[in-house]
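Participant: 3D, please:
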Amino acid sequence: MILYGDYHTHTIYSKHNHGKGTVLQNATVAAEKGLKQIAITDHGFDHQFFGVSRRDIPQLREEILNAKEVTGVDILLGVEANLVSLNGQIDLKEQDYENLDIILMGHHKLVKSPSFKDAAKLKWANMCASPYKPSADRLSRNTTAFLRAIDKYPIDVITHLNYGCPTDTLAVAKLARQKGVLIELNGKRICFSDEELLTMAEEGVKFIINSDAHSPERVGECNRAINLIYRLNIPTSLIVNLDKGVTFQNKRG
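Facilitator: Numbering: from 1, shown residues only. Sure thing, here's the model as predicted:
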């Protein structure tokens with residue numbers, strides 16, 4: 001079981017020292033570990049503390065081109081967008097798409113909300129309530145927000161599903177399968193139960209293994225996810241980045 005690429009890595013463009021390394025450092029470690037491809041996916045534009053700036057995207061692209069030439073690793077430019085509203089809005093504009101090779105999306109704390117209701121019902125409700133026993137109303141709100149985002153936007157990967165925002169994972173997996181969206185098995189954290197993962201696998205959704213590296217040495221470190229696949233006997237045919245490259249359905253031209 002060989003990891004072909006790692007499609008969730010952060011750099012110093014995730015601000016305030018949240019990402020620790022440069023594009024070149026991430027790519028160098030990837031090459032040393034035998035990865036053929038990585039994606040640079042810094043935090044979305046509306047994260048209040050860690051978000052990448054739109055004005056940095058051209059410079060980020062230049063660094064990617066340089067690092068690709070130096071290391072021989074194929075490098076995609078992406079973003080880990082934020083779910084910001086109950087109606088499924090994420091912090092991307094249509095004009096952003098042409099600058100990106102891959103779009104990841106997940107729930108994060110401390111993002112800019114478009115309304116007080118969104119802040120109260122999506123951000124603060126999830127920050128202040130138990131992640132383990134969500135109310136039926138909160139579970140429904142969270143799930144609906146994810147489903148609306150998947151339906152509206154050209155998202156390639158849902159990152160760390162259920163992290164800080166519990167959902168009906170089967171409902172998310174069903175729509176993700178229909179839309180060709182991948183569910184991430186995160187190398188740092190798995191936020192759903194074995195039963196939920198097995199149920200998603202039975203639904204036929206495709207998974208992608210990523211490190212969610214915030215420092216160069218963590219690039220390609222996905223043992224937690226790989227061990228889970230072995231332990232639960234998840235069919236490797238459902239994992240898109242094992243032993244082969246990935247063609248993202250929504251890849252920009």
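
Participant: So the spatially most central residue of the chain versus E80, what's the distance?
Facilitator: Nearest to the geometric centre of the chain sits T159, at 3.1 Å (Cα atoms, centre = their mean). Using Cβ to Cβ, to the nearest Å, T159 is found at 6 Å from E80. Glycine gets a C-beta too; all of them are placed from N, C-alpha and C.

Participant: residues shared between the contacts of those two?
Facilitator: Common neighbours of T159 and E80, counting by Cβ atoms under 8 Å, 6 or more residues apart in numbering, are 8, 104-106.

Participant: Need these in JSON lines (columns: pLDDT, secondary structure and distance to A176).
Facilitator: Listed next are the shared contacts of T159 and E80 as JSON lines, based on pLDDT from 0 to 100; DSSP: H, G, I helix; E, B strand; the rest coil; distance: Cβ to Cβ, whole Å:
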{"residue": "H8", "pLDDT": "98", "secondary structure": "strand", "distance to A176": "16"}
{"residue": "L104", "pLDDT": "98", "secondary structure": "strand", "distance to A176": "13"}
{"residue": "M105", "pLDDT": "98", "secondary structure": "strand", "distance to A176": "11"}
{"residue": "G106", "pLDDT": "97", "secondary structure": "strand", "distance to A176": "13"}
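
Participant: among the residues you listed, which two are most distant?
Facilitator: For the shared contacts of T159 and E80, with distances taken as Cβ to Cβ, the pair at the greatest spread is H8 and M105 (11.2 Å).

Participant: From the shared contacts of T159 and E80, pick the one nearest T71.
Facilitator: H8 (18.2 Å).

Participant: Report the contact partners of the closest one.
Facilitator: Per Cβ under 8 Å, 6+ apart, neighbours of H8: 39, 41, 80, 104, 157, 159, 184, 186, 210-213.

Participant: Would you mind finding the longest helix in the chain?
Facilitator: helix 136-152 (DSSP state H).

Participant: Please identify the longest strand in the protein, counting by residues.
Facilitator: strand 74-82 (DSSP state E).

Participant: Quick one: distance of it to the chain centre.
Facilitator: Its chain's C-alpha centre and that of strand 74-82 lie 9 Å apart, by Cα atoms, centre = their mean, to the nearest Å.

Participant: quick one, it and helix 136-152 angle?
Facilitator: In terms of direction (axes from the mean of the first three to the mean of the last three Cα atoms, to 10 degrees), strand 74-82 departs from helix 136-152 by 140 degrees.

Participant: Averaged pLDDT, strand 74-82. What do you get?
Facilitator: Averaged across strand 74-82, the pLDDT comes to 97.

Participant: Repeat that for stretch 238-253.
Facilitator: On average, stretch 238-253 scores 81.

Participant: again, but for stretch 17-26
Facilitator: 95.

Participant: That stretch: end-to-end distance?
Facilitator: 15 Å (Cα to Cα, to the nearest Å).

Participant: contact partners of it?
Facilitator: Counting by Cβ under 8 Å, 6+ apart, 9-13, 38, 40, 42-43, 49-50, 60, 63-64, 66-67, 70-71, 75, 213-216, 219 sit against stretch 17-26.

Participant: And these, which of them are buried?
Facilitator: Using 16 or more other Cβ atoms under 10 Å as the burial test, those include 9-13, 38, 40, 42-43, 50, 60, 63-64, 67, 71, 75, 213-216, 219 as buried.
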